[in-house]
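[1] Need coordinates for the following:
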Amino acid sequence: MTYRESRLRRAEQLQRWADANAERAHQHREAAREINDAIPFGQPILVGHHSERRMRRAYERRDEHMFAWLHLNERAAKQEAAAVTIIEQAERSAYTDDDDALEKLQARLAEAEARRERLKAYNARFRRTGRPDTDGLTPEDVEDLRMTIRYGQSNGEFPSYVFSNLSSQIQRLKKRIQEVAAYQQQAAAASSSASGCTITRTDNGRLRLTFTEKPRRDVIDALKAARWMWYQRSWWGSPGTLPAAVAEAYGITEPTA
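    From the prediction side, this is the model:
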């Protein structure tokens, strides 16, 4: 199961829980309404009357249903919001094990670099002519420029922090592309491996263990006990710490170089 599939399955589960809690909340609301409708409007509790105990219990049961209704409604709303957030994140994210992750990230990198060049060209024209010539800018670029002027952050050109943010974004995308490319190469090697996993030594001396499929629970527990960490769809650990049980189960040994 890919990470995207895992996240979408989580969203489906949250939505099921939200629907179930919303249905339970509705049932509690209807029960409270039935109890309330059975109480004569404006009828006080007659202290000392034979109906006192029954009336007090009716009010208690009504309040219990009302509190349950409010609590379950709130829980259902939070679960549904969490499900929507996961789906929205999945739509705009490039997860490491997506088949098209590199294409998505490279497209974002190209767009960020193109935007930086557009804004540089605009600033150069503005400094040369003193006029805001927005030719070549996208509607989003123009709106961002208007916002900087409106809030006093610019005298008509894009401020320096915009370029700093773009440069940081470009550097993050380049690093992410390298990470995804390395993972995909490692995953491809694991898929072609007879054991279903590969272990390599990285440039910084750490070990990277990648499985084609999710390993058994005892394997995960052994790696955690040996202080191996899960990161970028692989397990990372220090040399000399590969658990013997894991090495025997998959027929692997630590690389020497």
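[2] all helices of the chain, in order?
    3-38, 52-92, 101-129, 139-150, 160-192, 217-225, 244-250 (DSSP state H).
[3] Could you dump those helices into TSV with distance to R201, mean pLDDT and mean neighbour count added?
    (C-beta placed from N, C-alpha, C; glycine too.) Output for those, formatted as TSV (distance: least, C-beta to C-beta, whole Å; pLDDT from 0 to 100; neighbours: other C-beta atoms under 10 Å):
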stretch	distance to R201	mean pLDDT	mean neighbour count
helix 3-38	25	94	15
helix 52-92	33	92	15
helix 101-129	24	94	15
helix 139-150	44	91	13
helix 160-192	12	90	15
helix 217-225	17	92	15
helix 244-250	15	88	15
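[4] Distance to R233 for those helices - can I get that in a markdown table?
    Converted to a markdown table, the helices of the chain look like this (distance: least, C-beta to C-beta, whole Å):
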| stretch | distance to R233 |
| --- | --- |
| helix 3-38 | 7 |
| helix 52-92 | 16 |
| helix 101-129 | 11 |
| helix 139-150 | 33 |
| helix 160-192 | 6 |
| helix 217-225 | 14 |
| helix 244-250 | 17 |
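[5] With G205 as the reference, name the closest of those helices.
    Closest approach to G205 among the helices of the chain is made by helix 160-192 (15.6 Å; C-beta to C-beta).
[6] roughly how far is the closest one from the heart of the chain?
    Taking C-alpha atoms, centre = their mean, to the nearest Å, the mean C-alpha location of helix 160-192 is offset from the chain mean by 18 Å.
[7] and if you look at stretch 12-25?
    Its chain's average C-alpha position is 20 Å from that of stretch 12-25, according to C-alpha atoms, centre = their mean.
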